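K.L.:
Got a predicted structure plus its sequence, pasted below:
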Amino acid sequence: MVKKKKGEKYECEECGLVIVVEEVCGCDDCLVVCCEAPMSKVVKKASAKKKPVAKKPKAKPKAKVKKKAK
């Protein structure tokens, strides 16, 4: 096994539990277990770039029409 690094995520394939390594131990051989099975490392997926949302143009203020006094 490989040493765990701070910030790595591991997921249980049985129940879906996800853990994040916050403190690194000094062990050469470290195995994270859940549901009696080793947890697998979560691999970061390439995030899809978000397209910018088109903003609606602001409506121009309507001109006020003054009524003539009689």
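P.N.:
All right, it came through fine.

K.L.:
Tell me which residues touch the closest residue to Cys25 other than its chain neighbours, please.
P.N.:
Once flanking residues are discounted, Cys25 sits nearest to Lys4: 7.4 Å by CB to CB, 6 or more residues apart in numbering. Bear in mind the C-beta positions are built from the backbone N, C-alpha and C, glycine included. Contact partners of Lys4, counting by CB atoms under 8 Å, 6 or more residues apart in numbering, are Val21, Val24, Cys25, Cys30, Val32.

K.L.:
What is the burial count for the last one?
P.N.:
What that stands for is Val32. Applying other CB atoms under 10 Å, we find 16 residues neighbouring Val32.

K.L.:
give me every residue that touches it.
P.N.:
Lys4, Tyr10, Ile19, Pro38, Met39.

K.L.:
count of neighbours near the last one?
P.N.:
Looking back up the chat, that one is Met39. So Met39, with other CB under 10 Å, has 19 neighbours.

K.L.:
Now do it against Val18, distance only.
P.N.:
9 Å (CB to CB, to the nearest Å).

K.L.:
Spell out which residues are contacts of both of these two.
P.N.:
With CB under 8 Å, 6+ apart as the test, Met39 and Val18 both reach Tyr10, Glu11, Cys12.

K.L.:
Which of those fall in strands?
P.N.:
Using DSSP state E, the subset of those located in strands is Tyr10, Glu11.

K.L.:
Dihedrals phi and psi, Ala37?
P.N.:
The phi/psi pair for Ala37 (degrees, to the nearest 10) reads phi -140, psi 150.

K.L.:
Which residue comes closest to it once chain neighbours are left out?
P.N.:
Glu14 (6.1 Å).

K.L.:
residues contacting that neighbour?
P.N.:
Cys34, Cys35, Ala37.

K.L.:
how close does the closest residue to Cys15 other than its chain neighbours sit to Lys58?
P.N.:
Among residues not flanking Cys15 along the chain, Cys35 sits closest, at 5.5 Å (CB to CB, 6+ apart). Distance from Cys35 to Lys58, counting by CB to CB: 55 Å.

K.L.:
pLDDT score for the nearest residue to Pro38 once chain neighbours are set aside?
P.N.:
Leaving aside its chain neighbours, Pro38 sits nearest to Leu31 (5.7 Å; criterion: CB to CB, 6+ apart). For Leu31, the pLDDT comes out at 86.
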